[in-house]
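Visitor: Fold the stuff below for me.
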Amino acid sequence: LRGCIRWGLIDDALSLFETMGSRWAIEPGAITLEYIIRLLCQGLRLKAAEQLLPLLDRTIKCEEDSAMIDAEMDEPWTLTTVRMSACLSIAQAAALLGKWNKAKRFVREMQRVLQRSNATLDEELPHSSTDHASESSVQQLLRVQSDDTAQQGEQLGAYIAQCRTTGNDLRGHFCRLLLF
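Guide: Have a look, this model is predicted:
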């Protein structure tokens, strides 16, 4: 699926996704669903991406419960980054389509998930005033990904606010980028 995202092979990815369930009887995991949502958003198939969110939420809940039983402390936080990423992808696609209210709603949802995730992560990780030497490399990676997603969300939120007040849209900006 990563290759499909990189090359924009939406139909191939959807075919593979369907085959997972129908032929191989494999239930998609949260990360697989996030990849499909991201790919649908790349293709601006916003409605199809949104329709997968309830399945993503149920899958995250099941995987979080399973991780708690297995006592894997990193996994539940990792799963919430999947939800943040899915919300950001949908917000970006909505902004590209000029659907400002929807884009703003998903940026807010991403920020809510981020706040809950940061609270969870802060409870689980040891605190150090000088550095994060006591964090595992996985925990450090999660912090970096979280910070990056938060920054992208803030930038998108600011751009949405600007476009809503000035009446501009992203399509014109992207057309200029592609032409020059």
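Visitor: When you work out contacts or count neighbours from here on, use the C-alpha atoms and nothing else.
Guide: OK.
Visitor: Nearest to the spatial middle of this protein, which residue is it?
Guide: What sits nearest the mean C-alpha location of the chain, by C-alpha atoms, centre = their mean, is S85, with 1.1 Å.
Visitor: list the contacts for that one?
Guide: Contacts for S85 (C-alpha atoms under 8 Å, 6 or more residues apart in numbering) come out as 34, 110, 149.
Visitor: Hmm, R83 and the first one touching each other?
Guide: The reference is to E34. Yes. Contact status for E34 versus R83: in contact at 7.4 Å, counting by C-alpha atoms under 8 Å.
Visitor: Return every residue with contacts to both of these two.
Guide: Common contact partners of E34 and R83 (C-alpha under 8 Å, 6+ apart): L56.
Visitor: before we move on, back to that, just the element for the residue nearest to the centre of the chain, please.
Guide: S85 is part of helix 74-96, with elements assigned from DSSP states H and E.
Visitor: Also T19?
Guide: Per DSSP H and E: helix 10-22 holds T19.
Visitor: mind listing what's buried in stretch 40-51?
Guide: 40-46, 49-50 (16 or more other C-alpha atoms under 10 Å).
Visitor: mean confidence score for the one helix or strand Q151 maps to?
Guide: Assigned by DSSP H and E, Q151 belongs to helix 137-166. Regarding helix 137-166, the rounded mean pLDDT is 82.
Visitor: What residues of it count as buried?
Guide: For helix 137-166, using 16+ other C-alpha under 10 Å, the buried residues are 139, 142-143, 146, 149-150, 153, 156-157, 159-160, 163.
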